[in-house]
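**Q** Predicted coordinates and the sequence they were generated for:
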Amino acid sequence: MIHNQLSLVNQAKEVLQQNWTGKATKPAPRLYPHQWSWDSAFIAMGYAHYHQEQAMQELRSLFRGQWSNGLLPHIVFRPGLVGAYFPGPDYWQTERSPHAPQAVATSGIVQPPVHATAALHIYRHATDPAQARAFLTELFPKLVAWHQYLYRDRNPEGNGLVYIRHPWESGQDNSPLWDAVMERILPDPSAIPAYQRVDTHEVNISNRPSNLDYDRYVYLMVKARQHDYHETNLRADCPFMVQDVLFNTLLVQSSRDLGAIAQILHHDPAPYLSWANQTANSLNHKLWNSQLGLYQNYDLVAQTPIAVKVAAGFLPLYAQVPDATQAATMLAAMHSSGFRFNQGWMIPTCSRHEAAFCHERYWRGPVWINLNWLLCQGLRHYGFVHEAANLKAASIELVERAGFHEYFSPVTGEGLGSANFSWTAALLLDFLMEESAVRPLQRRA
Ligand code: GLC
């Protein structure tokens with residue numbers, strides 16, 4: 001490894017060490033002081049390369065917050081930090097659900113399922129196979145319960161396309177994907193409890209979601225708690241229900257990885273592989289747009305596709321959902337439809353041709369390292385090695401120039417949002433160390 005890459009590896013480890021709370025890793029020093037679900041999965045994949053104990057602890061800590069119906073919450077709150085983050089446990093009121101854990105405070109929504117993928121990643125980089133196998137044995141039933149929850153409670157059409165019921169469940173909080181749906185939501189001000197944002201004290205307010213966005217986020221949270229988090233009742237009344245491409249793509253890969261874990265543990269992988277196939281087929285049947293060369297979200301309330309071009313529309317490459325012909329169409333679209341692939345800083349979260357594009361605003365244009373990391377793997381699957389190499393090089397260069405930021409301007413390369421962001425560090429570590437020893441998948445410990 002060349003000298004400056006070694007120094008970048010050390011800096012990344014330092015970021016993670018600073019965000020380590022003793023039990024888990026905060027996504028960022030102040031902006032996100034608790035434990036977040038998909039962040040922790042990415043973070044664990046970084047630790048897997050050099051600190052297996054901490055990688056396993058990261059996931060164990062998250063699963064302490066799992067509900068008895070399998071729901072894996074998007075936040076597991078650290079005790080004693082009242083007021084450090086909005087909305088906190090007093091707003092979520094998860095005690096209204098008979099399924100929420102009593103000993104741990106959590107939110108009442110989920111985030112994309114990357115956890116089986118992270119657990120398998122830990123196993124495949126383990127230096128102590130017996131310990132790694134014991135870890136998989138411990139986590140397997142929890143992962144199964146998590147996926148069962150999604151396929152049982154979030155799959156109303158029975159086609160394996162699960163829905164999200166809050167923009168935060170997508171991980172792409174204020175993406176233009178949600179604009180049309182959110183604009184329909186006109187909450188009566190009396191339906192929104194008084195609240196104080198905390199995020200705007202930490203980073204430039206103009207980059208963050210607007211106050212009106214926040215009112216709607218809070219309104220959707222209140223809806224869920226009014227129904228005591230009873231999914232069937234909530235579904236009949238929820239104004240936001242979307243089949244999201246990114247979420248379902250990660251579910252395909254994670255279900256496949258759950259199958260691989262089952263195989264390692266000598267269980268039958270068939271149920272998990274069948275989930276993965278069903279979701280992949282439905283992504284192709286329902287969400288593929290051959291004219292645009294990308295996959296599109298579907299609004300279940302308005303019963304209409306969401307026609308916004310975002311980078312997440314290319315992510316099914318990561319889970320090998322498209323066939324080779326579709327993949328070639330997607331690559332052409334990446335070059336031509338406002339993503340300016342291979343020029344400038346890649347890959348903007350939203351097409352530059354969209355009216356909503358803004359190079360500095362959170363999920364409305366900026367580059368995020370997790371999307372680059374996922375897409376890079378997707379490009380490799382189809383032999384687009386040149387594009388994949390460029391995307392990896394751009395990700396490394398962005399961080400080298402600007403630091404371990406939360407997101408980056410695709411126009412100037414400037415680092416934006418929080419500094420010292422954990423998943424930027426963890427996934428950069430994976431980029432830099434990915435050639436290190438990997439346990440072959442078929443091997444039985
Ligand atoms: C923001 C991001 C979300 C992430 C969280 C913690 O809310 O949109 O994806 O999980 O921050 O980093």
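**A** Nice, I can see it.
**Q** in this structure, which spans are strands?
**A** Along the chain, counting by DSSP state E, strands occupy 35-36, 75-76, 163-164, 242-243, 288-289, 294-295, 298-299, 304-305, 407-408, 415-416.
**Q** Sheet partners, orientation included, of the last one?
**A** The strands beside strand 415-416 in its sheet (DSSP bridges) come out as strand 407-408 (antiparallel).
**Q** Could you list the low-pLDDT ranges of the stretch 1-150 of the chain?
**A** 1-3 (pLDDT under 70).
**Q** Which residue does it have closest to the ligand?
**A** When scored by C-beta to the nearest ligand atom, the stretch 1-150 of the chain has Pro27 as its residue closest to the ligand, at 3.3 Å. Every residue, glycine included, has its C-beta placed from N, CA and C.
**Q** which residues sit in contact with that residue?
**A** Applying C-beta atoms under 8 Å, 6 or more residues apart in numbering to Pro27 gives the contacts 19, 36, 39, 418, 421-423.
**Q** at 6 Å instead, please
**A** 36, 39, 422 (C-beta atoms under 6 Å, 6 or more residues apart in numbering).
**Q** Run a quick neighbour tally on the nearest residue to it once chain neighbours are set aside.
**A** Distances taken as C-beta to C-beta, 6 or more residues apart in numbering put Asp39 closest to Pro27, at 4.4 Å, once the chain neighbours are dropped. Per other C-beta atoms under 10 Å, the neighbour tally for Asp39 reads 28.
**Q** separation between Asp39 and Leu371?
**A** Asp39 sits 14 Å away from Leu371, taking C-beta to C-beta, to the nearest Å as the criterion.
**Q** just Asn174 next, same as before
**A** 15 Å.
**Q** Number of residues surrounding Ser290?
**A** 9.
**Q** swap in Gly365?
**A** 25.
**Q** Hmm, Ala356 and it touching each other?
**A** No - assessed by C-beta atoms under 6 Å, Gly365 is found out of contact with Ala356, at 8.3 Å.
**Q** returning to that earlier point: mean neighbour count and distance to Ile109 added to the strands of the chain, as TSV?
**A** Putting the strands of the chain into TSV (neighbours: other C-beta atoms under 10 Å; distance: least, C-beta to C-beta, whole Å) gives the following:
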stretch	mean neighbour count	distance to Ile109
strand 35-36	26	11
strand 75-76	25	9
strand 163-164	24	8
strand 242-243	24	13
strand 288-289	18	27
strand 294-295	28	23
strand 298-299	21	18
strand 304-305	14	23
strand 407-408	28	21
strand 415-416	21	25
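**Q** Turn these into JSON lines, including distance to Val252.
**A** Shown next, in JSON lines, are the strands of the chain (distance: least, C-beta to C-beta, whole Å):
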{"stretch": "strand 35-36", "distance to Val252": "22"}
{"stretch": "strand 75-76", "distance to Val252": "25"}
{"stretch": "strand 163-164", "distance to Val252": "15"}
{"stretch": "strand 242-243", "distance to Val252": "13"}
{"stretch": "strand 288-289", "distance to Val252": "14"}
{"stretch": "strand 294-295", "distance to Val252": "12"}
{"stretch": "strand 298-299", "distance to Val252": "16"}
{"stretch": "strand 304-305", "distance to Val252": "19"}
{"stretch": "strand 407-408", "distance to Val252": "25"}
{"stretch": "strand 415-416", "distance to Val252": "30"}
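**Q** ok so, going back, and the residue of the stretch 1-150 of the chain closest to the ligand, how close does it get to Ser107?
**A** Taken as C-beta to C-beta, the span from Pro27 to Ser107 is 14 Å.
**Q** now stretch 403-418: how far from the chain's centre is it?
**A** 18 Å (C-alpha atoms, centre = their mean, to the nearest Å).
**Q** and whatever residue of the stretch 251-400 of the chain ends up closest to the ligand, how many neighbours?
**A** Taking C-beta to the nearest ligand atom, the ligand has its nearest neighbour within the stretch 251-400 of the chain at Trp363, 6.4 Å off. Residues lying near Trp363 (other C-beta under 10 Å) number 25.
**Q** was I right about it contacting Ser175?
**A** Yes - if you go by C-beta under 6 Å, Trp363 and Ser175 touch, sitting 4.2 Å apart.
**Q** Give me the common contacts of these two.
**A** By C-beta under 6 Å, 6+ apart, no residue touches both Trp363 and Ser175.
**Q** Make TSV out of the strands of the chain and add distance to the ligand.
**A** Below are these laid out as TSV (distance: least, C-beta to the nearest ligand atom, whole Å):
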stretch	distance to the ligand
strand 35-36	4
strand 75-76	8
strand 163-164	12
strand 242-243	16
strand 288-289	24
strand 294-295	19
strand 298-299	20
strand 304-305	23
strand 407-408	9
strand 415-416	13
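**Q** Between the ones you listed, which one is closest to Arg208.
**A** Of all the strands of the chain, strand 415-416 sits nearest to Arg208, with 10.4 Å by C-beta to C-beta.
**Q** list residues touching both of Pro27 and Ser107?
**A** With C-beta under 6 Å, 6+ apart, Pro27 and Ser107 have no common neighbours.
**Q** Would you mind listing what in the stretch 51-200 of the chain touches the ligand?
**A** Residues of the stretch 51-200 of the chain lying close to the ligand by C-beta under 6 Å from any ligand atom are 171, 173.
**Q** now the helices for the stretch 51-200 of the chain?
**A** Along the stretch 51-200 of the chain, the stretches classed as helices by DSSP state H, counting those that start in this stretch are 52-63, 89-92, 115-124, 129-153, 179-184, 199-202.
**Q** Remind me what the third one packs against, helices and strands.
**A** Counting by 3 or more C-beta pairs under 6 Å, 6 or more residues apart in numbering; DSSP states H and E, the packing neighbours recorded for helix 115-124 are helix 37-47, helix 129-153, helix 245-264.
**Q** Now do it against helix 52-63, angle only.
**A** Put simply, helix 115-124 runs at 160 degrees to helix 52-63, going by axes from the mean of the first three to the mean of the last three C-alpha atoms, to 10 degrees.
**Q** Kindly report the same for the fourth one.
**A** Computed with the same axes, to 10 degrees, the direction of helix 129-153 lies at 20 degrees from that of helix 52-63.
**Q** Please identify the buried residues of helix 129-153?
**A** Buried residues in helix 129-153, counting neighbours by 16 or more other C-beta atoms under 10 Å, are found at 132-133, 135-136, 139-140, 142-147, 149-151, 153.
**Q** which secondary structure elements does that helix contact?
**A** Going by 3+ C-beta pairs under 6 Å, 6+ apart, helix 129-153 lies up against helix 115-124, helix 245-264.
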